[in-house]
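Chemist: Task: produce atomic coordinates for the following.
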Amino acid sequence: MHHYFRTVALAVFLAVTLVVLMSPPCRAADGKKELWLYYPTNLLVEENVDRLEDLWGRAAKVGYTHVLLADSKFARLAEMEGTAYFKRIARVKEIAMGLKLKVVPALFAVGYSNDLLSRDPNLAEGLPVVDSPFVVKDGVATLDADPTVNFGSLVFADPAVSIRSNTAKVEPHEGNARLCYKVAVKPWRCYHISVHVKTDGHSGQPEVKALSADGRSLQFQNLGSKRTQDWTEHHVVFNSQDNTTVNIYFGVWGDARGTLQWRNWQIEEAPLVNVLRRPGTPIVVKGLNGEVYGEGVEFERIVDPQLGRKPYAGEYDAWHEPPTIKTSLPAGTRLLISWYHPAIIYDGQVSACIAEPKLNELLADQAARMKVAWGEEAAGWMMSHDEFRTLGWCVACEDRHQTPGQILAANVVTCAKLLAPDRTYVWNDMFDPHHNAVKGPYYLVNGPWTESWVGLPKNVVIMNWNHGKRDESLKFFAGRGHQQIVAAYYDDPSHTSTRDWLKSTKNDPSVIGYMYTTWENDYKQMEAFAALVGRQ
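Modeler: Have a look, this model is predicted:
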């Protein structure tokens, strides 16, 4: 159904563009290593700027030179007109200038795309649903699953799980604590699982997994349960892809204290919840005889007003009331509806479709607005391509006749051109064959990420966080002529990982700096990190 091949035109285009974009590498002006601080915030809140001023002052005192500044509002600058937001940016620029800190703002949320998708939720990458059966009744087409899906018999339960009626209890345990069902499904359908969860001091992370017969994960969304909570209903959705059976797990992987209870687990084929509407995700409604019906003719336009809007713009929930499909077709008419839905990864991550032309319009608009907002005070730009977990399924992707890696290669060329001639940076992982730029399978990506690095201009500085294979990764990018900043620390108060990096980079001239990188907004170790790294 989905196929890929390399085109000569792509290779020629990338080669020509790389020559245009390449420039000799820059060295730190004083020959010393740069010392960076990763700092995400929300500049719309004045108190956050006060906090920023204090913390950046601490950083400047111990030798930090650069700040990588992230704010979700950078993707929504048009919405900030008429607010105090641009005054806050002006104040941040003054603070940085006074402290002699260089600010590099982050933009282009490719991978973690929720910020961009807040402007148009339909630009999410979509997984296909093919010929889902509906029937018309009282002017509305409703799902008529064939056959009705159910859990059937339990395959197994780990010893830590006790089951009575439709309730499973998990006591404190070592190792896994799961119950598993083998479920018959139709290929290329969307399925909804609901379950009630109760916890009491539970230290694990309860998960619902859907695995194919060969062990591929079809569902990566976290439940979001709390350590202690009364009975609460949770929902996940998955696409069956090309499978006729899937293994559904309710459980905990690894040791856990406290108690966990599951009850009332149910599965159903899902109607058009979170249906995507863009050229690359068409809806096809047809009769059993193959006759295609027209939107606005035999049925009204189908739109999910809650798509990417719960609890606010750019956030997607797995389950809500699906849109009504109103039709003038006679009662009893049976329909087959094909459509697309987004995938939600972990705690809400949704990826945009970089093959859809309108996304490039959003990227160009963001680049233009950011350049106006930050002006010459921006010491460069961070392209936020990172952990890109869904691509390659929709018509826009298929029409490219390229692998996901080739599509990404073309995208990063476009992004770099939008920022030229300014200095640009990017995370390593999606262009690193020793990290995420792999053949796969990789999450819900339909094909390999390999060759993504072909599009990466050599004057782009790599923000390298590949601690696990740091030696191979450093060598790969150095061999391509890239300078590198090591994204170290990663909330490791022992600084063991930082010491590993220092050992690996000791004689590597491609490494021009180190960054204190915290994802927990913990800056207590900022001074210790600076002392350890020094300005080498």
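Chemist: Check the protein and tell me which residue is nearest its centre.
Modeler: Among the residues of the chain, Tyr112 comes closest to the average C-alpha position under C-alpha atoms, centre = their mean, at 3.3 Å.
Chemist: OK, contacts around the closest residue to it other than its chain neighbours?
Modeler: Spatially, and ignoring its direct neighbours in sequence, Tyr112 is nearest to Gln349 (5.5 Å; C-beta to C-beta, 6 or more residues apart in numbering). Yep, even glycine has a C-beta here, placed from its N, CA and C like the rest. When contacts are counted by C-beta atoms under 8 Å, 6 or more residues apart in numbering, Gln349 touches Tyr112, Asn114, Glu387, Arg389.
Chemist: go with 7 Å
Modeler: Tyr112, Asn114, Arg389 (C-beta atoms under 7 Å, 6 or more residues apart in numbering).
Chemist: do Asp115 as well
Modeler: Neighbours of Asp115 in contact, by C-beta under 7 Å, 6+ apart: Ser72, Ala75, Ala109, Gly314.
Chemist: how does this protein divide into domains?
Modeler: 8-17+34-120+351-533, 127-349 (automatic domain parsing).
Chemist: Out of these, which is the most enclosed?
Modeler: domain 8-17+34-120+351-533 (a mean of 19; mean count of other C-beta atoms under 10 Å).
Chemist: Now it: average pLDDT?
Modeler: Mean pLDDT, computed over domain 8-17+34-120+351-533, is 95.
Chemist: Wait, a helix at Trp262?
Modeler: No: counting by DSSP: H, G, I helix; E, B strand; the rest coil, Trp262 is not found in a helix; it is strand.
Chemist: if I look at it, how far off is Thr324?
Modeler: Separation of Trp262 from Thr324 (C-beta to C-beta, to the nearest Å) stands at 32 Å.
Chemist: Same check on Gly215?
Modeler: For Gly215, the distance to Thr324 - C-beta to C-beta - is 38 Å.
Chemist: got it, and Val533?
Modeler: 59 Å.
Chemist: pLDDT score for Tyr4?
Modeler: Looking at Tyr4, the pLDDT reads 37.
Chemist: do Pro147 as well
Modeler: The per-residue pLDDT reported for Pro147 equals 81.
Chemist: where's it, which helix or strand?
Modeler: Of the helices and strands defined by DSSP states H and E, none includes Pro147.
Chemist: and it, what is it in contact with?
Modeler: With C-beta under 7 Å, 6+ apart, Pro147 has no contacts at all.
Chemist: what's across from the residue nearest to Tyr112 in the sheet?
Modeler: Ile345 (DSSP bridges).
Chemist: So Arg58, which state does it fall into?
Modeler: helix.
Chemist: Distance-wise, check it relative to Ala96.
Modeler: 14 Å.
Chemist: Tell me which residues are up against the lengthiest helix in the chain.
Modeler: Criterion DSSP state H: the longest helix present in the chain is helix 357-374. Helix 357-374 is contacted from outside by 74-75, 77-78, 86, 89, 105, 107-108, 116, 119-120, 123, 278, 352-353, 414-415, 418-419, using C-beta under 7 Å, 6+ apart.
Chemist: Quick one: name whatever helix or strand follows that helix.
Modeler: Next along the chain from helix 357-374, counting by DSSP H and E, comes strand 381-383.
Chemist: Can you give the strand pairings for that following strand, parallel or anti for each?
Modeler: strand 102-107 (parallel), strand 424-427 (parallel).
Chemist: JSON lines please, covering those strands and showing distance to Leu44.
Modeler: Formatted as JSON lines, the strands paired with strand 381-383 follow (distance: least, C-beta to C-beta, whole Å):
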{"stretch": "strand 102-107", "distance to Leu44": "15"}
{"stretch": "strand 424-427", "distance to Leu44": "24"}
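Chemist: Quick one: closest of these to Gly380.
Modeler: Closest approach to Gly380 among these (C-beta to C-beta): strand 102-107, 4.6 Å.
Chemist: looking at this structure, which residue lies furthest from center?
Modeler: Farthest-from-centroid check, the chain (C-alpha atoms, centre = their mean): Pro330, 42.4 Å.
Chemist: Do you have the helices of the stretch 151-300 of the chain handy? List them.
Modeler: Using DSSP state H, counting those that start in this stretch, no helices are found in the stretch 151-300 of the chain.
Chemist: Show me where it dips below the pLDDT cut-off.
Modeler: Nowhere does the stretch 151-300 of the chain drop to pLDDT under 70.
Chemist: where along it do the strands fall?
Modeler: 154-157, 161-164, 167-170, 177-184, 190-200, 207-212, 229-239, 245-252, 259-269, 284-287, 292-293 (DSSP state E, counting those that start in this stretch).
Chemist: One more: the stretch 401-536 of the chain?
Modeler: 424-427, 444-445, 461-464, 484-489, 511-517.
Chemist: quick one on the thing from earlier: okay if I get the strands of the stretch 151-300 of the chain as CSV plus distance to Gln483?
Modeler: Formatted as CSV, the strands of the stretch 151-300 of the chain follow (distance: least, C-beta to C-beta, whole Å):
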stretch, distance to Gln483
strand 154-157, 52
strand 161-164, 52
strand 167-170, 50
strand 177-184, 46
strand 190-200, 45
strand 207-212, 40
strand 229-239, 40
strand 245-252, 43
strand 259-269, 48
strand 284-287, 49
strand 292-293, 54
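Chemist: So for Glu376, which of these sits nearest?
Modeler: strand 229-239 (46.4 Å).
Chemist: Nearest to Val246 among the strands paired with strand 381-383 would be which one?
Modeler: Closest to Val246 of the strands paired with strand 381-383, according to C-beta to C-beta: strand 424-427, at 32.6 Å.
Chemist: Please write out the alpha-carbon positions of that closest one in PDB.
Modeler: Written as PDB, here are the backbone C-alpha positions of strand 424-427 (Å, rounded to 0.1, in the frame of the first residue of the first chain):
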ATOM      1  CA  THR A 424      21.500  28.000  12.600                       C
ATOM      2  CA  TYR A 425      21.400  25.100  15.000                       C
ATOM      3  CA  VAL A 426      19.500  21.800  15.200                       C
ATOM      4  CA  TRP A 427      19.200  18.800  17.500                       C
END
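Chemist: and it, how far out from the chain's middle?
Modeler: Distance of strand 424-427 from its chain centroid, counting by C-alpha atoms, centre = their mean, to the nearest Å, is 17 Å.
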